[in-house]
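>>> sharing a model that was predicted from the sequence below.
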Amino acid sequence: MNAPAIEVADVSKRFRIYRDKPTSLKQRVLSSRSRAEDFWALRGVALDVGEGSTFGLIGHNGSGKTTLLKCVAGILRPTSGTIRQRGRLAALLELGAGFHPELTGRENVYLNASFLGLSRRQTDAAFDDIVAFAELEDFIDNEVKFYSSGMLVRLGFAVAVHVKPDVLLIDEVLAVGDEAFQAKCLDRVRAFQREGRTIVLVTHALDTVIEICDRAAMLHHGELHAIGMPADVVREMRYVLLGVTDPNFVPEEGTREAEIAEVQIVRPNGSSEGAILRGDPLTIVIDVRQNEPLDDLDVDFAVLDGATNHAVLDARTSRADLDLGRFEKKRVRFRIEAFPYEPGKYWVTVGLSNRTTGHLYHVQTQRYLFEVFDAPRVQERVEVPVAVEVEDL
Amino acid sequence: MAAPTQTVERTSESPHLRVGERLRILAAHREILANLVRKELKVKYAASVLGAVWSVLNPLVYLAVFSFVAKVLGAGIPNYPVYLLSGLLAWNLFSASMGSGARAVLDNANLVKKVAFAREILPLAAVGVGLVDFALQSAVLLLYVIVSGYGLHLPELALWPLAFVTLLVLTVALTLWFSALNVRYRDVEHLLNIALLVWFWATPIVYAEFQVQDLAEGGRGTWLGIPRLALYLLNPMVDVVAGFHRALYGTVTPIGSPEPVLFDKSLAWVAGILTITLIVSLVGVRFAWGYFFSRSGDFAEEL
């Protein structure tokens, strides 16, 4: 590995939480110190980011990812520890930070670009590209207070990707815009990678981490919980989010008296591949094999939102009061009449267990994936009660 | 991209200001400064029909009001508009920069929390906006001096650059200090507003310099052994304004005036008090900057 572009050595960050923060002399004199409470956003975090590598930083909300990024960027000062960083740095903590509503798109591009370290001449040279990237040719001389939020975000990202720093810190800004714009943004990140720039990416989109990062780390309550290959760290992250306390995560576990032979997620067209639309029916087909005769076998599944890793849906045969009995091979179909959730990626966990003892025979955690798109919104006519009143005037 | 690879180390220590290094960083960020000044000006006059004319209107109205007041009160300063404006413009730069500079960090909280850049730029941009107004208003004054036939006084005019630099350094020092202080103690801006009001009348802008000299040197000229005029000169704005008066108003005792208007001292004396003020202000900038810099690491948390 190359010399590290960022070395984080034993960094801790303490925030003082004041019940009511003294911001005037009077309050400062009158209030006692005991009102302050300490909150450690980071505790003894140590990691290196190799030059030219892409590093993913994951963790649930409040785990300290953004605090760490702000410490590296120099916005916050660590309470203890040292951060060493080589090369020119640009931090995208928020798209369009510093956009001013009274200025036009053009003026905001120049202002924003200077914050990210572009000179006027560099911005001049990149200006047409920026506008084209943001697809805002017709609006660039309008004041941004007339922009939609989507337009603002596109303009912010367009400026950001034209910055050419050695080290780029990105906080959760890739998850903006529509599908096509996101793809365009990811293309830019890949171009940065090819140019040998160092990227630190904070994101909730775990699939993105696996897809584009060389290494990843997971923060948990301010501590470094895992670091290593993205796939491993992401698996660990999913595991922690599921609330399971066993740290030795395995995607598959169980004693295998019964086994999951095959799982298919059958879409409405009968195929087990491709995306579904929101509101479409979905069938989860689980083929189960018993390797030895078992009583009280329970088959269950759970669907987890790929963005948050929260379980949004689950079902089990025992809840439907189905006794599978002893068998060699059986097929269980869970029919979801209409999948109601937001567009996005969803993981399916499938498990076989004993309905009375809870003993796990075979579990495949977040092994299967399907994707949901938004159905075209054609409003259907429904019966809406309408009251009619007439009065004399 | 061609810049040599520099290593930045961030520790828990309050950063210690190294002036040379910091100046290089500020120079690298000058684009932000220019853009922020441009933004402030644009926003200040956004959706106003007259735009920057308002900035020029302000001294004109002052001029009208104070000329009238002077006539009524019989202050007896010949060519009062020139006297008033030459001091007032310097004061406007000073007070406007401090007033908006004190709020600079607070008003840009969103930037401070989200963007990494040299924080000094925020109060400096407030001074920059003040400078633009100062330039516009100076143009009005220059026009008046020429059109009215008052004219420029040559040897005295040479004092102007020194007076201007002293004013600028003093303003930067106090603006830096107040903007850092105001993040922690929000009282500061209220205190500042009152202080500026007192300060204005403690500075010979509306009244004649000589009136103070006359009072100070009449009777017992000392207080605890210190000349009372020297105490008055401790107010750095007195020295700065005296410099601007001497440079632009020019004559100590105008023709037709029974007594002097400006301090009845030599040109070298004025240059001397300006130089002392400049040196003190330079030291002040160093300390105010050091204070601002060491506190700036915590701004993002305190907002």
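Now that the structure is in, tell me what you want to look at.
>>> please count neighbours and contacts with C-alpha atoms only from this point.
Fine.
>>> what is the neighbour count of B:Ala64?
Look at B:Ala64: counted by other C-alpha atoms under 10 Å in any protein chain shown, it has 12 neighbours.
>>> would it count as being in a strand?
No. Counting by DSSP: H, G, I helix; E, B strand; the rest coil, B:Ala64 falls outside a strand, being helix.
>>> quick check: the residue of the stretch 51-200 of chain B found nearest chain A vs B:Asn110, distance?
With C-alpha to the nearest C-alpha as the measure, B:Tyr185 is the residue of the stretch 51-200 of chain B nearest to chain A, at 4.7 Å. Separation of B:Tyr185 from B:Asn110 (C-alpha to C-alpha, to the nearest Å) stands at 19 Å.
>>> before we move on, back to that, what about the residue of the stretch 51-200 of chain B closest to chain A, neighbour count?
17.
>>> report pLDDT for it.
Listed pLDDT for B:Tyr185 reads 85.
>>> now the stretch 51-200 of chain B, which segments are flagged as low pLDDT?
Scanning the stretch 51-200 of chain B for pLDDT under 70 picks out the ranges B:51-52, B:59, B:63, B:66-67, B:70, B:73-75.
>>> quick one, helices of it?
Ranges of helices within the stretch 51-200 of chain B are B:53-73, B:80-107, B:109-114, B:121-147, B:154-157, B:160-184, B:187-201, based on DSSP state H, counting those that start in this stretch.
>>> how far out from the middle of the chain is the longest one?
Going back to what we said before, that points to helix B:80-107. Remark: helix B:80-107 is offset 6 Å from the chain centroid, using C-alpha atoms, centre = their mean, to the nearest Å.
>>> close to chain A: what parts of the stretch 1-150 of chain B are there?
B:1, B:4-12, B:29, B:31-32, B:35-36, B:39, B:42-43, B:46, B:110-117 (C-alpha under 8 Å from any C-alpha of the partner chain).
>>> so how far is the lengthiest helix in chain B off the chain centroid?
Criterion DSSP state H: the longest helix present in chain B is helix B:267-296. Distance of helix B:267-296 from the chain centroid (C-alpha atoms, centre = their mean) equals 12 Å.
>>> give the buried residues for it.
Within helix B:267-296, the residues that count as buried by 16 or more other C-alpha atoms under 10 Å in any protein chain shown are B:267, B:270-271, B:273-275, B:277-278, B:281-282, B:284-285, B:287-296.
>>> do stretch B:190-203 as well
Those would be B:Leu192, B:Leu196, B:Trp199, B:Phe200, B:Thr203, for stretch B:190-203 by 16+ other C-alpha under 10 Å.
>>> same deal with stretch A:121-139?
Per 16+ other C-alpha under 10 Å, stretch A:121-139 contains these buried residues: A:Thr123, A:Phe127, A:Ile130, A:Val131, A:Phe133, A:Ala134, A:Glu135, A:Leu136, A:Phe139.
>>> what does stretch A:362-376 give?
For stretch A:362-376, the neighbour count (16+ other C-alpha under 10 Å) marks A:His362, A:Val363, A:Gln364, A:Thr365, A:Gln366, A:Leu369, A:Phe370, A:Glu371, A:Val372, A:Phe373 as buried.
>>> how about a markdown table for the residues you listed, with secondary structure, pLDDT and distance to chain B added?
A markdown table is the format used below for those (DSSP: H, G, I helix; E, B strand; the rest coil; pLDDT from 0 to 100; distance: C-alpha to the nearest C-alpha, whole Å):
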| residue | secondary structure | pLDDT | distance to chain B |
| --- | --- | --- | --- |
| A:His362 | strand | 87 | 47 |
| A:Val363 | strand | 85 | 43 |
| A:Gln364 | strand | 83 | 41 |
| A:Thr365 | strand | 78 | 37 |
| A:Gln366 | strand | 74 | 35 |
| A:Leu369 | strand | 81 | 35 |
| A:Phe370 | strand | 86 | 36 |
| A:Glu371 | strand | 83 | 33 |
| A:Val372 | strand | 86 | 33 |
| A:Phe373 | strand | 82 | 33 |
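>>> quick check, nearest of the buried residues of stretch A:121-139 to chain B?
The shortest approach to chain B among these belongs to A:Thr123, at 10.9 Å (C-alpha to the nearest C-alpha).
>>> tell me the contacts of that closest one?
A:Tyr110, A:Ala113 (C-alpha atoms under 8 Å, 6 or more residues apart in numbering or on different chains).
>>> output whatever helix or strand it lives in as PDB, nothing but the C-alphas.
Secondary structure assignment for A:Thr123, by DSSP states H and E: helix A:120-134. Extracted in PDB, the C-alpha atoms of helix A:120-134 (Å, rounded to 0.1, in the frame of the first residue of the first chain):
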ATOM      1  CA  ARG A 120     -11.600  32.000 -10.700                       C
ATOM      2  CA  ARG A 121      -9.800  31.000 -13.800                       C
ATOM      3  CA  GLN A 122     -10.300  27.300 -13.100                       C
ATOM      4  CA  THR A 123     -14.000  28.000 -12.500                       C
ATOM      5  CA  ASP A 124     -14.200  29.900 -15.700                       C
ATOM      6  CA  ALA A 125     -12.700  26.900 -17.600                       C
ATOM      7  CA  ALA A 126     -15.000  24.400 -15.900                       C
ATOM      8  CA  PHE A 127     -18.100  26.600 -15.900                       C
ATOM      9  CA  ASP A 128     -19.800  25.300 -19.100                       C
ATOM     10  CA  ASP A 129     -19.200  21.800 -17.900                       C
ATOM     11  CA  ILE A 130     -20.600  22.500 -14.500                       C
ATOM     12  CA  VAL A 131     -23.800  23.900 -16.000                       C
ATOM     13  CA  ALA A 132     -24.100  21.100 -18.500                       C
ATOM     14  CA  PHE A 133     -23.600  18.500 -15.800                       C
ATOM     15  CA  ALA A 134     -26.300  20.100 -13.600                       C
END
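>>> and it, what's its mean pLDDT?
Rounded mean pLDDT across helix A:120-134 is 89.
>>> run the chain-centre distance for that helix.
29 Å.
>>> now the helix or strand following that helix against helix A:120-134, angle please.
Elements were assigned by DSSP H and E; along the chain past helix A:120-134, the next helix or strand is helix A:149-161. Put simply, helix A:149-161 runs at 140 degrees to helix A:120-134, going by axes from the mean of the first three to the mean of the last three C-alpha atoms, to 10 degrees.
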